[in-house]
Structures are given as C-alpha cells and as structure tokens.
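Undergrad: Show me the folded form of this:
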Amino acid sequence: MNLGYDTTQFQSVSNIKIPDLFYRRYKSGIETIDDLFGEGVLPGSAITMTAPAGCGKTTFLLQMLEGLSKQGYETAYASGEESAVQLAFTCNRITVKSVKVANETDIDTLCDAMKQFDVLVVDSFQALTSTKKMNRAELERHAVSRLTRAAKDTECTVFFVMHLYKDGKLKGSTIVPHTVDVNMEIAVEGEFEDGLRKIHFSKNRFGALNEVVLSLGHAGYDFGNPVKINDSDKAPSKKNRKQTEFEAILDMKEPPHISIDRVMEKLNCDYNTAYNRLRELVLNNKLEKFGKGKTSIYKHTTTTAV
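TA: Sure, this is the predicted structure:
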C-alpha cells in the first residue's frame, strides 16, 4: 500500500488520492474502546501504550484484543518479558480466550508475523532484538522503522508497550513516540489502590485526544461502566470508596463464610485490597478472623456499623 512516504515533489492536495484504509476501522465491539479510538482502530497504524509498572497495560490490551477477536479479527500478543504460560494465566483471570500469544522479540520475525494478523501487541519495545549487530540507539531506530513500515504494508495495527523509569521518564530514546501515529497513556486516578485508571491520548494523528476513566479490578477493566469524574475533575475520594467497600463486605451473607476469594469477587479487586479491607474490619471489631493466610475465614461480630 502506497501512503506517499516516498513522495518528494510538492503537489496539490486535491490531486492526492486518499486510500480507503483511512475510512476503515477495526472495531472491538467494546463501545468504550471503540469510542476512545474514534469508532475503532485504524488499520496499519502504529500505537504506543505507556504507563508505570502495574497500572494495567497488559490487561487493557489483552481485553481489547479479545474484543477484536470476537469480531472476527486475527489478534496476537508477543511478549519478551512473560512466558506463554504466564500470559495464559493472566488471560484466564480476565476471561480472554481467543488471543494468540508467543514469546518473541526478534524484529524480522515479528514483521513476518504481521502478515497473519490484523492487530499485534509487542510487549515491550525495549525488549526487541535483532540478529544484526548494532548499538541500542541503532536498534531502536531500526525496530521502529521496520515495524511501522510493516504495519502500513500489511495493514496490521501494531501496539508497542513502553516502559517508564521510576521518575516517570521513558526508557530509551524518544524516537518511538515521535515516529508512531498514536501515543496512549494510562495514569492512576486518585489513589493507586482505588483501581481507577485514566486512559488517554497525548498524540493522535487520526482523531481527537480522547480519554476515559475506568475501574480496574481482579477480573480486568469494567468497560461497561466508565467512571464519571466530579466537577472538580478529581476521582472519588479514597475515604468514600473504602467506606463503600466496607459496607459491601459487611452486607455479605453467611453461610458460606466470608473469605478473601469471596471479597475479591464481590469488590472486583486484587488480593491485597481484599486482604487490607478485611484486616481493617477485624481491627475495628466488625469481623472475626479464623485461620491464617489465604484459607482464613471471617465471621460477623455483633457490631454491624463501620
């Protein structure tokens, strides 16, 4: 597909034919995601996904790929940092069943694989390798050039997962965000443990800089219920959210006994959040704890108010 990258002669825009590609979109069937991208993902585009560690990059991308797979698109997740078994375990937790996964970092191999897929996630860009001898800066330039060009040639959209240092700076050079079509970011909204994430664009060559706030829990993102931020553009307070979670736990009926697993399912949260909520309720004499570790059970005391 010729997108005019080799055109050096100035010419009138009225004489330039716009490919049908620009009017097509890969739709996931998940309204929140499709709206975020402006009616879907543009075929052949190159997109970065950047966020601090543990913010939900992998979860978001896997759920998006699953939605695309259900719409009939071929999707894949190539990781240089997690084994196929680890990815499968994550997929099982968030009910992702149709995405193909592999441990692959070789640039040429990934370019060739793009001929088979409509959307490919590369996790992470910093983990990419090549059989050619070159320093890190040369490798980054080679990788972004080869993979973005392959995306245009095959109409396979490619997502690059990007890592940050602890101070928030991007690992490696800035050539990647400058070269790609779209830069996506995930940021913590409010307190980290509240599970609220703001997904937003800092660059989008094909649409608006949209954003959405979503709740992230043990089972993944809740795409069906985007979070509405109040007028001051601040997330719901940590205190109010915790109070709601305390009340939800205390409303749980017995039998069966209250357990960490039941609380994780009830609150759609991770293990640590469930454990901490139960621990605070025990310390405040709202629940009694029996046993140790993950097999502990909890029972109501005579006190019912938090």
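
Undergrad: ok but residue 261 is inside a helix, no?
TA: Yes. Residue 261 forms part of a helix when assessed by DSSP: H, G, I helix; E, B strand; the rest coil.

Undergrad: What's the local residue count around it?
TA: Neighbours of residue 261 under the rule other Cβ atoms under 10 Å: 13. Yep, even glycine has a C-beta here, placed from its N, CA and C like the rest.

Undergrad: list the contacts for it?
TA: Going by Cβ atoms under 8 Å, 6 or more residues apart in numbering, residue 261 touches residue 294.

Undergrad: Quick check: the gap between it and residue 276.
TA: Separation of residue 261 from residue 276 (Cβ to Cβ, to the nearest Å): 15 Å.

Undergrad: Can you give the distance from the longest helix seen in the chain to the centre of its chain?
TA: Identified as the longest helix of the chain according to DSSP state H is helix 136-154. Distance, stretch centre to chain centre, for helix 136-154: 22 Å (Cα atoms, centre = their mean, to the nearest Å).

Undergrad: right, and the helix or strand after it?
TA: strand 157-162 (DSSP states H and E).

Undergrad: residues in contact with that next one?
TA: Contacts of strand 157-162 (Cβ under 8 Å, 6+ apart): 26, 41-50, 57-58, 61, 114, 118-126, 144, 147-148, 150-151, 170-171, 176-177, 180.

Undergrad: One more: stretch 290-304?
TA: Outside stretch 290-304, the residues that touch it by Cβ under 8 Å, 6+ apart are 250, 254, 257-261, 271, 278, 281-282, 285-289.

Undergrad: how does it look with 6 Å?
TA: Applying Cβ atoms under 6 Å, 6 or more residues apart in numbering, the contact partners of stretch 290-304 are 257, 258, 259, 278, 285, 286, 287, 288, 289.

Undergrad: How far does stretch 111-119 sit from its chain's centre?
TA: Taking Cα atoms, centre = their mean, the mean C-alpha location of stretch 111-119 is offset from the chain mean by 20 Å.

Undergrad: what sits against residue 142?
TA: Not one residue lies near residue 142 by Cβ under 6 Å, 6+ apart.
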